[in-house]
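Enquirer: structure for the following, please:
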Amino acid sequence: EKFPFLKLLPEGASLEGFLFPDTYVFQLDAAPEDLVESMLRNFGTRCDKNIRSEIEKQGKNFYDVIILASILEREIGTAHQTQEDIDRDRKMVSDIFWRRLSDGHRLESDATVAYIRGETKVKHSIEDISVDSPYNTYAHAGLPPGPISNPGLSSIQAAVFPIPNTFYFFLNNPETGKTFFAETFEEHKANKRKNGL
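Expert: Residues are numbered from 1 along each chain as shown. Got it, this is the predicted structure:
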């Protein structure tokens, strides 16, 4: 009753994806429940009725949007980038991912593989991306069964308001975090070589 958006989650879903990342101030003796409630309240404030109405207007599933936002949170954004670049790149990648989902193409997100393996790598091996898990978006089409992180507002907005583009592939430079886009797989391979991947 306190958090109506939780009614939009499938049965058995955890709170991952809904514990809003932010700076919080708590008393040392605060109960874990208080922390969780504060994070959920913040999520409800940030991901407000306007955003939820827009998701409904677009005919998208609320939980799917948060799952995608959680992937965008982990795919794009480093300390070397400006917030403006991060916001734009997340919205560009969002459009790529929504089109891949629509086309039945696998997302092939390294962020989901890192989530499964519990590690962060610059480049995943064939063995890494062959891991048997429903969260492995290299092996399975569609979205994973749940969020892989707790997305911030930038990622949620990117999932709801993608920037239409003609690209189908992207990668991040491992040193700068800069995102390079490509329309064809051949261009994508060339980008990989240029960025040492």
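Enquirer: residues in contact with stretch 27-37?
Expert: With CB atoms under 8 Å, 6 or more residues apart in numbering as the test, stretch 27-37 has contacts from 2, 15, 19, 24, 26. The way it works is simple: take the backbone N, C-alpha and C, and place the C-beta from them, glycine included.
Enquirer: closest to Leu8 among those residues?
Expert: Of all these, the one with the least separation from Leu8 (CB to CB) is Leu15, at 13.0 Å.
Enquirer: that closest one against Ile66, yeah?
Expert: No. Leu15 is beyond contact range of Ile66, at 11.0 Å (criterion: CB atoms under 8 Å).
Enquirer: neighbour-wise, which of the two wins?
Expert: Higher neighbour count among Leu15 and Ile66: Ile66, with 26 against 15, using other CB atoms under 10 Å.
Enquirer: the more buried one should be in a helix, yeah?
Expert: Yes. The assignment for Ile66, made by DSSP: H, G, I helix; E, B strand; the rest coil, places it in a helix.
Enquirer: distance of it from Phe169?
Expert: Between Ile66 and Phe169 the computed distance is 24 Å (CB to CB, to the nearest Å).
Enquirer: next up, the contacts around Leu72.
Expert: The contact partners of Leu72, by CB under 8 Å, 6+ apart, come to 90, 93-94, 97, 151, 155, 158-159.
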